[in-house]
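Undergrad: structure of the sequence below:
(2 chains)
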Amino acid sequence: MDEGVFIGGDGMAERYEPKKIEPKWQKAWEEQGLYRTPDVSDKDNHYFLTMYPYPSGDLHIGHWYVMAPSDAGARFKRMSGYNVLFPMGFDAFGLPAENAAIKRGIHPRTWTMSNIENMRRQMRSMGPMFDWSREVVTCDPSYYKWNQWIFLKFFEKGLAYRALAPANWCPKDETVLANEQVINGRCERCDTPVVKKDLVQWFFKITAYADELLRFEGIEWPEPIQLAQRNWIGRSEGARLRFPIEGQPDASIEFFTTRPDTIFGATFMVLAPEHPLVERITAPAKRHEVSKYVDAARNRTDIERLSLEREKIGVFTGAYATNLFTGERIPIWIAEYVLMGYGSGAIMAVPAHDERDFAFAKKHGLPIRQVISPDGTEQELDEAYAGEGVMVNSGPFEGTPSVEAKRKIAELAKQKGWGDAAVSYRLRDWLISRQRYWGTPIPIVHCPTCGLVGVPESELPVLLPEDVDFQPHGESPLARHSGFMNTTCPRCQGPAKRDPDTMDAFVDSSWYMWRYPNPRYERGFADPEANRHWSPVDQYTGGTEHAVMHLLYARFFTKALRDLGYLWFGEPFVRLFNQGQIVLRGRRMSKSRGNVEAPDTYVEQYGADSFRLFLMFIGPWEEGADWDAAGIEGTFKFLKRLWTLVLAHSSAPAHDGPPIEELERLRHRSIKRVTEAMERFRWNIAVAALMEYLRDIQAAKGSEQSISYDRALRSLLLLLAPMAPHISEELWQRLGATRSIHLESWPTYDPAAVAEREVTVVIQVNGKVRDRVIVPAGSSDAELTRLARENPRVKASLDGARVSRVVVVRDRLVNVVTGKG
RNA sequence: GCCGACGUAGUCCAAUCGGCAGAGACGUGACGUUCAGGACGUCAAGGUUGUGGGUUCGAAUCCCACCGUCGGCACCA
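TA: Predicted coordinates:
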């Protein structure tokens, strides 16, 4: 027989040609409306969601790696008896569209929409079960209207607010960036070093939910993602205290510390260069030096700060505070290692017990006093001791264990009115305003008399004008569009200006999952009726790169919208699965690197089914893989063998002979293996099990006429259907089916039928294999022990030694252990 | 520096509860089919499970230390 060819009755060979069958079925499924999911059916609903892509232009291998296995998962769930919603859409706002458009002179909307068109086409070639009738495109006014609506609800409740903040500013993109968009001090998009710039910005108050975001009860998320979010939120317990400033009776320095137990060792204080008190407290003699330092610090990029080798440089303000616990006057310094964005931008410096303070004290000749000792005695410190111990040099607390002292010091401070125990978070509020064009306009009117006024709901959406000069000029492009900017105040009807900024695109993705159930709903961001059937999302899949941004924002939005009364649950995604990334020679694929592998040539050559299967076969999904197309032949050959075998069977005269036990056992075993692998998203094991199963069927020569053989092939097709939907549909029809294989039920297995009748049991002496025996499955321990003790090879290797024990693992092994000595 | 994941055949990877190291695939080699190559089929070789220690009758699997690769965080008081 030739390659993938079946010589039919008429002598014509029919080859497996994916190019012929795949488009045919894609068209047929679409015409049949096979993937239109009803909101209500006689089955349980299951919402399976994979992260929507950014429409960058072409679907690359990374997209396939995310989507194809997700599609298999959704299809598996559907065959398992659920009514599955598996929608798709486009994350269509954001910087790349604007940057690309600027470069090519095309309007961002034109560029984006043509990319979407192209990517839809490419996605269809994958053969996924997306319900396109529910597609969401975020740059559509009918979508972003609800960004604005949610913004206004947040604004009313104080969850959206404006504040002057030293923002991360990218000089090249001429925009502010969220903390999450700054990678190693550089702009996530263009790699330009980021500088600080004071701007009035819009924030969402995610910190109001810091504590609740730390809890993951009731949801099944991978432990590493939970950990990443916990670390990002960075909750720490300690105390917030105030020390008075000498000569400034109505001001004090507030600071947060996790180590109140070390307070007797606080020999100086340090303020962040941007700290509001700096100007006020600086001694006249120091003014010049201090302002020089502050200016330099502000203009430094984060990159420069890091490249200073974390040298602890700073300047003395000439002012003094009082350490209320020791009564000492301690100098107030300013230094960059204290960050304005954390705590209150000021610290008590305890050089003996903090590495950074130690380095600073050494450099500037400040006193170092040990107050915690591991053993209660004082010793010479050549580095900071950050561990626990017993307090020394600590007045009334002398001898107290430091762990206990943390609480006691906070209590004393509270009594005296100096402060109290407190919790601090690393998490900052989410800066959402962008000085760019391609985003959702912020629905706020700046009125000279009324101040900030929300646009009335009836006037939404505030449309993003099309005729805008979006070339960057260091301000929001909308600011130069007078038709957009000039408006009237909704409250006093006087002349007013619109807000020229747009929203971070992460706002869009924070709630898109509630839009899918009914994307055309006009009376709210989410259709309550449709959402009642689907939400929250049962299964979410996506990349680990979203561990702390999208996934945290979406949780925040869900909780906030719940508290506003619009959702009835607090977690958006019940189960989360994070797949790994496809890399090329160890490097992330990206357009800017120019190392993007296009799937199209592989789809052209081997078909979508082989390519899907190969992506799933390449390794465990959660681990990702280094791209190497070498193995794709393997999955292609597998499908060709399947094709040949099924076609031969389809033209065979009859298959009604008696069942064959071994073939039935193989079938049950394969169903079990594949089912369990699919449940765990271990596609590689599932594919391997199918390959093995096919070989087993091929090996059952002479059984072709049996009912078991027929069942075996049909089950194989059913098991393959979620992963390779086209070929399984084609062959299913060839076997005489009248309706789609994708409407069939997942095959079930009988555990009893999986078990082998006879098993090979290994016989060991002291853990070394001496013999193997074939025994009936389920043989008793006593029987196995007897077999082992009487075994001639065991006797020979025992050589008269005393047997101290016999370990029996039923159906597996017997280990004869000899006594010691 | 801190946190996390992963190290199994030349390569990608299996091994469900601690129980025979090998399911599947790539590559390599031999043989068959073929005029030949390809394709297809049959078979084969290939191992100190990263290193060292520990627990155990028994460790790829559990524990400790180290090395390596990748990812995240990175002056967070």
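
Undergrad: show me the helices in the stretch 351-500 of chain A, by range?
TA: Taking DSSP state H, counting those that start in this stretch as the criterion, the stretch 351-500 of chain A carries its helices at A:355-364, A:402-416, A:482-485.

Undergrad: TSV for these, including mean neighbour count and mean pLDDT?
TA: For every residue, glycine as well, the C-beta is placed using N, CA and C. Rendered in TSV, the data for those read as follows (neighbours: other CB atoms under 10 Å; pLDDT from 0 to 100):
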stretch	mean neighbour count	mean pLDDT
helix A:355-364	19	91
helix A:402-416	17	92
helix A:482-485	14	94
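
Undergrad: can you check which of the ones you listed gets nearest to residue A:326?
TA: Within those, the stretch nearest residue A:326 is helix A:402-416; the backing value is 12.3 Å (CB to CB).

Undergrad: hey, C-alpha coordinates of the closest one in PDB?
TA: Only the C-alpha atoms of helix A:402-416 are listed here, as PDB (Å, rounded to 0.1, in the frame of the first residue of the first chain):
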ATOM      1  CA  SER A 402      12.300  40.900  69.300                       C
ATOM      2  CA  VAL A 403       9.300  39.100  68.000                       C
ATOM      3  CA  GLU A 404       7.300  40.000  71.100                       C
ATOM      4  CA  ALA A 405       8.700  43.600  71.100                       C
ATOM      5  CA  LYS A 406       7.100  44.300  67.700                       C
ATOM      6  CA  ARG A 407       3.700  44.200  69.300                       C
ATOM      7  CA  LYS A 408       4.700  45.900  72.600                       C
ATOM      8  CA  ILE A 409       6.400  48.800  70.900                       C
ATOM      9  CA  ALA A 410       3.300  49.400  68.700                       C
ATOM     10  CA  GLU A 411       1.100  49.300  71.800                       C
ATOM     11  CA  LEU A 412       3.300  51.800  73.700                       C
ATOM     12  CA  ALA A 413       3.300  54.100  70.700                       C
ATOM     13  CA  LYS A 414      -0.500  54.000  70.600                       C
ATOM     14  CA  GLN A 415      -0.700  54.800  74.300                       C
ATOM     15  CA  LYS A 416       1.600  57.700  73.900                       C
END
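
Undergrad: when you scan that helix, is anything in it near RNA strand B?
TA: No. Residues of helix A:402-416 contacting RNA strand B under CB under 7 Å from any atom of the strand: none, with a closest distance of 10.6 Å.

Undergrad: any chance you could list what contacts that helix?
TA: Helix A:402-416 is touched from outside by A:238-239, A:241, A:259-263, A:324-325, A:372, A:388-391, A:394, A:397, A:400, A:419-421, with contacts defined as CB atoms under 8 Å, 6 or more residues apart in numbering.

Undergrad: then stretch A:525-540?
TA: The set of residues external to stretch A:525-540 that reach it, using CB under 8 Å, 6+ apart, is A:39-40, A:45-51, A:73, A:77, A:85, A:146, A:149-150, A:511, A:513-518, A:521, A:558, A:566-567, A:569, A:571-577.

Undergrad: quick one: which of those residues sit in strands?
TA: For those, the ones inside strands are A:45-50, A:85, A:573-577, with DSSP state E as the criterion.

Undergrad: can you list the residues of the stretch 201-350 of chain A near RNA strand B?
TA: For the stretch 201-350 of chain A, the residues found near RNA strand B under the criterion CB under 7 Å from any atom of the strand are A:223-224, A:227-228, A:231-232, A:234, A:236, A:238, A:255-259, A:272, A:305-306, A:308, A:310, A:312, A:336-343, A:345-347.

Undergrad: recalculate using a threshold of 6 Å.
TA: Residues of the stretch 201-350 of chain A found near RNA strand B (CB under 6 Å from any atom of the strand) are A:224, A:227-228, A:231, A:234, A:236, A:238, A:256-259, A:272, A:305, A:310, A:336-339, A:342-343, A:345, A:347.

Undergrad: look at residue A:623 and say how many residues are nearby.
TA: Other residues lying near residue A:623 total 11 when counted by other CB atoms under 10 Å.

Undergrad: just residue A:773 next, same as before
TA: Neighbour count for residue A:773, taken as other CB under 10 Å: 15.

Undergrad: residues contacting whichever strand or helix holds it, please?
TA: Following DSSP states H and E, the helix or strand that holds residue A:773 is strand A:768-776. Contacts of strand A:768-776 with the rest of the structure, by CB under 8 Å, 6+ apart, involve A:757-764, A:783-784, A:787, A:791, A:793-794, A:797.

Undergrad: any idea of the mean pLDDT in it?
TA: For strand A:768-776, the mean per-residue pLDDT is 84.

Undergrad: strand partners of that strand, parallel vs antiparallel please.
TA: strand A:758-765 (antiparallel) (DSSP bridges).

Undergrad: now the buried members of the contacts of helix A:402-416.
TA: In terms of neighbour count (16 or more other CB atoms under 10 Å), the buried residues within those are A:238-239, A:241, A:259-263, A:324-325, A:372, A:389-391, A:394, A:397, A:400, A:419, A:421.

Undergrad: make a ChimeraX selection of the buried ones in the residues of the stretch 201-350 of chain A next to RNA strand B.
TA: Below is the selection syntax for ChimeraX that covers the buried ones among those, with 16+ other CB under 10 Å defining burial:
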select /A:228,238,256,257,258,259,272,336,337,338,342,343,345,347
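
Undergrad: can you list which of the residues of the stretch 201-350 of chain A next to RNA strand B are found in helices?
TA: When DSSP state H defines the helices, the subset of these inside them is A:224, A:227-228, A:231, A:305.

Undergrad: what does the helix or strand hosting residue A:118 contact?
TA: Using DSSP H and E, residue A:118 sits in helix A:108-124. Taking CB under 8 Å, 6+ apart as the criterion, the residues outside helix A:108-124 that touch it are A:26, A:53, A:55-59, A:63, A:67, A:88, A:90, A:92, A:97-98, A:100-101, A:104, A:130, A:132, A:137, A:139, A:437-438, A:466, A:470, A:599-600.

Undergrad: next SSE downstream of that helix?
TA: Moving toward the C-terminus from helix A:108-124, the next element (DSSP H and E) is strand A:136-137.

Undergrad: which residues sit against that following strand?
TA: Contact with strand A:136-137 is made by A:52, A:87, A:89-90, A:92, A:116, A:143, A:512, A:515-516, A:519, as judged by CB under 8 Å, 6+ apart.
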